[in-house]
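> Just the structure for this:
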Amino acid sequence: MPKGKHLVSKEVKQQILKRIKEEGVSVPQAAAEHGLSDKTIYGWIAKGVTAPPSVIEVSRLKRENQTLHEIIGRLTVKLSLAGKKELS
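Numbers count the residues shown, from 1 in each chain. This next block holds a predicted model:
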């Protein structure tokens, strides 16, 4: 095995990737916690992205996107109104 390299069990890889995907742990944070490089984890992520998203995932993302657009719209209106009040 090359110097500086060590094997990570399949279970540990899955645990790390699950924390990143489901818990929002950043790749640099997960890498530091496990003594790995960011590049290693990004490689695992890239290898795992082989299939297109499911219809359910696409629908979920569309709903999330719509919700975010609505939030941005409301915030934009509030900021616009707040700016007009300052000018009065």
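> tally of neighbours for Val27?
The tally of other residues near Val27 (other C-beta atoms under 10 Å) stands at 19. (C-beta placed from N, C-alpha, C; glycine too.)
> Could you double-check that it sits in contact with Tyr42?
Yes - if you go by C-beta atoms under 8 Å, Val27 and Tyr42 touch, sitting 6.3 Å apart.
> so how far is the longest helix anywhere in the chain from its chain's centroid?
Determined from DSSP state H, the single longest helix within the chain is helix 55-87. Distance of helix 55-87 from the chain centroid (C-alpha atoms, centre = their mean, to the nearest Å) equals 20 Å.
> and what of stretch 53-70?
Distance, centroid of stretch 53-70 to centroid of chain: 15 Å (C-alpha atoms, centre = their mean).
> And the contacts of it?
The contact list for stretch 53-70 (C-beta atoms under 8 Å, 6 or more residues apart in numbering) is empty.
> CA atoms only: put it into CSV for me.
This file holds the C-alpha atoms of stretch 53-70, laid out as CSV (Å, rounded to 0.1, in the frame of the first residue of the first chain):
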residue,chain,number,x,y,z
PRO,A,53,-32.1,11.0,-9.9
SER,A,54,-35.4,9.2,-9.3
VAL,A,55,-38.8,10.8,-10.2
ILE,A,56,-39.4,11.1,-6.5
GLU,A,57,-36.1,13.0,-6.0
VAL,A,58,-36.8,15.3,-8.9
SER,A,59,-40.3,16.1,-7.5
ARG,A,60,-38.9,16.8,-4.1
LEU,A,61,-36.3,19.1,-5.5
LYS,A,62,-38.9,20.9,-7.6
ARG,A,63,-41.1,21.5,-4.5
GLU,A,64,-38.1,22.6,-2.5
ASN,A,65,-37.0,25.0,-5.3
GLN,A,66,-40.6,26.5,-5.5
THR,A,67,-40.6,27.0,-1.7
LEU,A,68,-37.2,28.7,-1.9
HIS,A,69,-38.4,31.0,-4.7
GLU,A,70,-41.5,32.0,-2.6
